[in-house]
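Colleague: quick one, structure for this:
(chains A and B)
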Amino acid sequence: MSFNIQVNNKPVEVHEGEILLNALRRNGIKIPTLCYMHGFTPSGACRLCVVEIDGKRDLVTSCAYPVEPEMVVKTNSARVIKARKSLVEMLLSNHPDDCLYCERNGNCELQWLAEEMNIKERKYFSSKRSDKRDHSSPSVYRDPAKCILCSRCVRVCEEVQLVTAIEFISRADKTSVNSAFSKGLNISSCINCGQCIMVCPTGALVDISHIEKVQSALASDKKYPVAFLSPAFVASVSDHFNLKPSDKPAGLIIAALKNMGFRKVYDLGWAVDMNIHLEASLLLERSKKKDTVTPLFSSCCPAWIKYAEEFVPEMISDISTVKSPQQLMGYIVKNHEKAEAEKKKQQLYTVSLMACVANKFEGSREGNTRKGESEVDATLTIREFLKMLRSYGINLLRFDPVIADNPFDHSSAAGYQVSYSGGKAEAVAMHLNHLINGEKKNGPKFTPPKNPGSKKEVKLSIGKQEFGFAWVSGIGEAQKYFDQLVTEKRKDIHYVEVMACPGGCAGGGGQPVYYFQDKHKARKKTGQDLEKSLKSRKPSQNIHMLEYLNVRLARKEEKDVLQTRFKQRDVIK
Amino acid sequence: MDTKLSSIFENYPNKQRDDLIPLLHSIQDQFGYLSEEFIIEVGNYLNISVNKIYGVATFYDNFRFGPKGKFHIRLCHGTACHVAGSSNILSELEKLLRISNGETDKNGLFSLEVVSCIGACGLAPLIEINEEYFSQLTTESLKDILNHFRENHNSIYEDQ
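Modeller: This is a model prediction of the structure:
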């Protein structure tokens, strides 16, 4: 039921039971917040959403107040503005004020608020926080001095990802967000997903930057820098600049990378095809064994892998052993380019361009280095790439699109499919069909359920067997699904795609940080549009990749390098 | 699994989240402090994230994370003691022992805790060392008291 309330002397239509803040925002009325996160229980910590309600003595936090009939609300009265200004001034009282040197300079909610509230000088003085900066993680960098204790990261880590690697420690003016026993993220249960970075309003949580490493490799004549570009990355950059598939966004990015000094740029989608081919083959092999009842879990998400190693080690034996696309590509490129680099007396330096901060960690995993040399030397996130574009003064649109370098220059639509939740399950299902039935015109159709509440499962009969495919994203959702599989004793699911970030890589921790925008749906749409524009539809059409597997990697020991293994991790959890 | 905490866990068979604080109290009562090892064990027992427990425990002043000294000094910082100069006593204590509030010195002899009113306002300023009270302190008398404990630390409590 809807009714009208008075807001700033104008009627506004609201729904019964709605939270006031949501009603105001839905009607285009701006209310600042720092701690509010859509879909989470309100915490009321920042109090910036205060409004004045007639008949109430005190200001009310609109994020935790339901609408009432005949309510009279003022959102910008002198009293409200004064209160909000004081709140921001108090938040600034111990802020380091080093905006010039801050990763989030220009994209910081606190900075915007200070500007909006017309704050010109420091009104309250208190000592700066002395907590140590935490450089220990391979993916996430924490600077507690910039933390405003809004609790967004703590809630995402606990409620969405079930990890609780960071938590409020101590009390009152000593409160800080910290890892267990204040010992650093590297030995905490952090899975490096980077969702905390995505919600941090300030620069307290940012990624461990690889820009400097990459720049010095680009500048050095002793290094031979080679990049590989993931389709999820292309979809997101394309969405960021509002590009159309006809603009050939991948080609523009490759041109920009070449301009920056990369000697070669390859298409990571090539390795995605390989990953799907290997994983579908593994699934086929498993389906022939009669005694396996547990599904095969995908392994391409490094954050999910770390979660499994820490929290559900009993599942490790059911996780696909195929290396992730980044590591497959890293290994293959390192082998392929070795001779070329040696001829030039240069050291090969591989850089992956991903939508993910956990890939920074994945590159340094034990199984992903050979003889002390990593397969992937650096990983750039989309944020880092966009920053590099600015610092190099590159306008993407002024380039002519360039195709990726031979031989890893083409990939099927599967690359873009993998960039969103559900896409990989579909690609694996379709490839399994290809492996069993070959190319037939009327194959089974993969139709995801339309109803958002229904289980994300599709069942297909392929050959003589019925296969069940499922997909989950966000560790919380994934864990719930795993528990269901066990309690309901399900035997009809054969493959589960697991992505640690909600929405898959489209919502990844290396994506640009947007204020109040649920961008992963838009990125998925862009990815799907790009997917449609590709001629090569399936991994089975990537002839070069299949030949490469058959010819170059024919020997068994060579094939083993495309596999990896996982083991239980003992962390404070 | 049999551990140091098994006998304490027996009193909390329901493994409820609300058992957390009473459980931490029981551990501190028996061992004097909450070690990292204990916190991890409690986390495993109650199935609560270790970091969450650490967050809860650090919220309260009463929980300690390191062992107490042989002589645990509690300095009263109530209103009467404050007026009578307990701040000077605190800075003197910190200078003499080279530790600050909540810490234990290197030899494990003294530990220091600042507390709110002990309820002996007539005796202000006041410290309590292992439930023995020392009243109307001056920086001079404080020195003597500490020296007494330091010199005789081998013989004190020997009979107990």
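
Colleague: where does chain B have low pLDDT?
Modeller: Along chain B, segments meeting pLDDT under 70 span B:1-2, B:157-160.

Colleague: show me the helices in it, by range?
Modeller: Using DSSP state H, the helices found in chain B span residues B:6-9, B:20-31, B:36-46, B:50-59, B:79-83, B:86-97, B:139-151.

Colleague: ok, residue A:344 - contacts?
Modeller: Residue A:344 is in contact with residue A:224, counting by C-beta atoms under 8 Å, 6 or more residues apart in numbering or on different chains. To be clear about C-beta, it is placed using only N, CA and C from the backbone, and glycine gets the same treatment.

Colleague: of all the helices of chain B, which lies closest to chain A?
Modeller: helix B:50-59 (4.0 Å; C-beta to the nearest C-beta).

Colleague: what residues of that closest one count as buried?
Modeller: Using 16 or more other C-beta atoms under 10 Å in any protein chain shown as the test for burial, helix B:50-59 gives B:50, B:51, B:52, B:53, B:54, B:55, B:56, B:57, B:58.

Colleague: filter the residues you listed by proximity to chain A?
Modeller: B:50, B:51, B:52, B:54, B:55, B:58 (C-beta under 8 Å from any C-beta of the partner chain).

Colleague: okay, domains of the chain per the record?
Modeller: You didn't pick a chain, so chain A it is. Domain ranges of chain A: A:2-91, A:93-207, A:220-271+A:325-411, A:280-321+A:413-512+A:528-559, per automatic domain parsing.

Colleague: actually, chain B is the one I wanted.
Modeller: Chain B resolves into domains spanning B:6-59, B:71-151 when parsed by automatic domain parsing.

Colleague: dump the helices of chain B to a markdown table, plus distance to residue A:386.
Modeller: Below are the helices of chain B laid out as a markdown table (distance: least, C-beta to C-beta, whole Å):
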| stretch | distance to residue A:386 |
| --- | --- |
| helix B:6-9 | 52 |
| helix B:20-31 | 44 |
| helix B:36-46 | 40 |
| helix B:50-59 | 33 |
| helix B:79-83 | 56 |
| helix B:86-97 | 51 |
| helix B:139-151 | 62 |
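
Colleague: tell me the most buried of the ones you listed?
Modeller: For the helices of chain B, the largest average neighbour count (mean count of other C-beta atoms under 10 Å in any protein chain shown) is found in helix B:50-59, namely a mean of 22.

Colleague: what is that helix packed up against?
Modeller: strand A:167-169, helix B:20-31, helix B:36-46 (3 or more C-beta pairs under 8 Å, 6 or more residues apart in numbering or on different chains; DSSP states H and E).

Colleague: now do the contacts for residue A:180.
Modeller: Residues near residue A:180 by C-beta under 8 Å, 6+ apart: A:165, A:167, A:188, A:189, A:572, B:50, B:51, B:54.

Colleague: so which bits of chain B are right by chain A?
Modeller: Counting by C-beta under 8 Å from any C-beta, chain B sits next to chain A at B:36, B:39-40, B:43, B:49-52, B:54-55, B:58-60.

Colleague: could you single out the nearest of those residues to residue A:299?
Modeller: When the residues of chain B next to chain A are compared for distance to residue A:299 (C-beta to C-beta), residue B:49 wins out at 25.1 Å.

Colleague: residue contacts, the closest one?
Modeller: Residues near residue B:49 by C-beta under 8 Å, 6+ apart: A:158, A:164, A:167, A:189, A:573, B:43.

Colleague: check contacts around the first one.
Modeller: It stands for residue A:158. Applying C-beta under 8 Å, 6+ apart, we find residue A:158 in contact with A:164, A:167, B:49, B:52.

Colleague: a markdown table for those, including distance to residue A:407?
Modeller: Below are these laid out as a markdown table (distance: C-beta to C-beta, whole Å):
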| residue | distance to residue A:407 |
| --- | --- |
| A:164 | 45 |
| A:167 | 49 |
| B:49 | 48 |
| B:52 | 51 |
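
Colleague: and the furthest pair within these?
Modeller: A:167 and B:49 (7.4 Å).

Colleague: ok, back up a step: could the contacts of residue B:49 go into JSON lines alongside distance to residue A:301?
Modeller: Shown next, in JSON lines, are the contacts of residue B:49 (distance: C-beta to C-beta, whole Å):
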{"residue": "A:158", "distance to residue A:301": "20"}
{"residue": "A:164", "distance to residue A:301": "19"}
{"residue": "A:167", "distance to residue A:301": "24"}
{"residue": "A:189", "distance to residue A:301": "17"}
{"residue": "A:573", "distance to residue A:301": "19"}
{"residue": "B:43", "distance to residue A:301": "26"}
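
Colleague: identify the residue with the minimum pLDDT among those residues.
Modeller: Looking at these by pLDDT, the weakest one is residue A:573, with 87.

Colleague: before we move on, back to that, nearest to residue B:16, of the contacts of residue A:180?
Modeller: After measuring those against residue B:16 - C-beta to C-beta - the closest member comes out as residue B:50, at 17.5 Å.

Colleague: leaving out the residues flanking it, which one is nearest to that closest one?
Modeller: Leaving aside its chain neighbours, residue B:50 sits nearest to residue B:43 (4.0 Å; criterion: C-beta to C-beta, 6 or more residues apart in numbering or on different chains).

Colleague: mind listing what that neighbour touches?
Modeller: Residues in contact with residue B:43 (C-beta under 8 Å, 6+ apart) are A:573, B:49, B:50, B:52, B:53.

Colleague: could you check how far it is from residue A:180?
Modeller: Plainly put, residue B:43 is 9 Å away from residue A:180 if you go by C-beta to C-beta, to the nearest Å.

Colleague: thinking again about what came up before, tabulate the domains of chain B (JSON lines), appending distance to residue A:23.
Modeller: Below are the domains of chain B laid out as JSON lines (distance: least, C-beta to C-beta, whole Å):
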{"stretch": "domain B:6-59", "distance to residue A:23": "33"}
{"stretch": "domain B:71-151", "distance to residue A:23": "45"}
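
Colleague: these: which one's closest to residue A:387?
Modeller: Ranking these by their distance to residue A:387 (criterion: C-beta to C-beta) puts domain B:6-59 first, at 31.6 Å.

Colleague: run the chain-centre distance for that closest one.
Modeller: Offset of domain B:6-59 from its chain centre (C-alpha atoms, centre = their mean, to the nearest Å): 18 Å.

Colleague: quick one: end-to-end distance for it.
Modeller: Using C-alpha to C-alpha, to the nearest Å, one end of domain B:6-59 lies 25 Å from the other.

Colleague: what about the residue lying closest to residue A:553 once chain neighbours are set aside, how many neighbours?
Modeller: Once flanking residues are discounted, residue A:553 sits nearest to residue A:559: 5.5 Å by C-beta to C-beta, 6+ apart. For residue A:559, the count of nearby residues is 12 (other C-beta atoms under 10 Å in any protein chain shown).
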